[in-house]
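In: A predicted structure for the sequence below; I have some questions about it.
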Amino acid sequence: MFSALEDNNHLVDINTAVKNILGKYFCPSCHEELIIRNGNVRIPHFAHKNKSDCDDYDNDMSEWHRNWQMKFPLRNREVVLKLDIENDNSLFAENCKRIIRRTDALCYGYAIEFQNSPISNEEVDERTLFYNHLGKKVIWIFNMIDAYESGKIKFCDEWHNKKDNGGKYSWNYASKTFINYDSDDKDVTLMFQFSEVRHDEEDREQSYFERVTWAVNSTTDYQETNFKHFCTSYYPSNFTELMDKLKRKAL
């Protein structure tokens, strides 16, 4: 994780904590003590001092993931959400594996997840249902830069209409992560980042992504989405456009 609580319950970012080596830090989710990991292999981050099953997201602490989180104010990063199991008698709450989760970002009622490492469709579904159950719409942003640049995902053509335009893509060996994706689900938005646009270190528009609007369903009885062909919208395509959509609750 990249943020933690100080003794005074004040939220602090890992970059600030690295400069203050004498500080004591605690997990925002379980409140157990954290330590700073600042080695040569992985980027600086907080880790539990003792073994904990608090969460298992640490495998996605990449520079790409970190850069996305840094676009948001500290108060919007890694926000802890918790099920009220004492008052929630729903079947979902009864069978939920985790009653506490940390969003990568929480902004204007949207829980935003940045995904750089492989993830199962079961985990995607579980996180999505958790946030939806708490009344949050979900935005998934996946790093597809390598898949696009290596030719695994290929751009085929463009589509246009009066209100929008986008791209048509093919994906021969699509990940099973997205087999349950439903483009008609208004509570879930799926975005693929295909490239980075770098200008200078202070430019937070160093990204380009497209919103997935449609994907081919297979002919199985379960109608799973195979993503061999999918379409995207070119809007929103950068952070400013995304924030505009979030403010207007237009996603």
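Out: Structure received.
In: Which stretches in the protein count as helices?
Out: 14-19, 63-69, 91-95, 121-133, 145-149, 239-247 (DSSP state H).
In: Which residue comes closest to N132 once chain neighbours are left out?
Out: Once flanking residues are discounted, N132 sits nearest to D187: 5.1 Å by Cβ to Cβ, 6 or more residues apart in numbering. In this view, the C-beta of every residue, glycine as well, is placed from N, C-alpha and C.
In: ok, that neighbour touching K137?
Out: Yes: using Cβ atoms under 8 Å, D187 makes contact with K137 at a distance of 5.1 Å.
In: Those two: which is more packed in?
Out: The neighbour comparison of D187 against K137 (other Cβ atoms under 10 Å) goes to K137, with 20 against 15.
In: and the spatially closest residue to Y181 that is not a sequence neighbour, what does it touch?
Out: With Cβ to Cβ, 6+ apart as the criterion, Y181 has its nearest non-adjacent residue at 4.8 Å, and that residue is T225. Residues in contact with T225 (Cβ atoms under 8 Å, 6 or more residues apart in numbering) are F178, I179, N180, Y181, D182, A215, V216, N217, S218.
In: Narrow those residues to those that are buried.
Out: Among those, those classed as buried by 16 or more other Cβ atoms under 10 Å are F178, I179, N180, Y181, A215, N217.
In: And the third one, how far from K97?
Out: If I follow you right, that is N180. As judged by Cβ to Cβ, to the nearest Å, N180 and K97 stand 17 Å apart.
In: and if you look at the first one?
Out: F178 is 21 Å from K97, where distance means Cβ to Cβ.
In: ditto for M1
Out: 19 Å.
In: Which one of those two is surrounded by more residues?
Out: Legend: neighbour count by other Cβ under 10 Å for M1 and K97, higher for M1 (21 against 8).
In: Please look at the more buried one and R102 and confirm they touch.
Out: Yes: here M1 reaches R102: they are 7.0 Å apart, a contact under Cβ under 8 Å.
In: sorry, back to before: from the buried ones among the contacts of T225, which ones fall inside strands?
Out: In strands, defined here by DSSP state E, the members of the buried ones among the contacts of T225 are A215, N217.
In: pLDDT-wise, what's the bottom of the buried ones among the contacts of T225?
Out: Among the buried ones among the contacts of T225, N217 carries the weakest pLDDT, at 70.
In: wouldn't M61 be in contact with I43 here?
Out: Yes: if you go by Cβ under 8 Å, M61 and I43 touch, sitting 6.5 Å apart.
In: So which of these two has more stuff around it?
Out: Legend: neighbour count by other Cβ under 10 Å for M61 and I43, higher for M61 (21 against 15).
In: In contact with the more buried one, which residues?
Out: By Cβ under 8 Å, 6+ apart, M61 lies in contact with M1, F2, R42, I43, H45.
In: Report pLDDT for it.
Out: We note a pLDDT of 71 for M61 in this prediction.
In: so where is this structure shaky, pLDDT-wise?
Out: For the chain, residues meeting the criterion pLDDT under 70 lie at 21, 52-53, 55-60, 198-206, 218-223.
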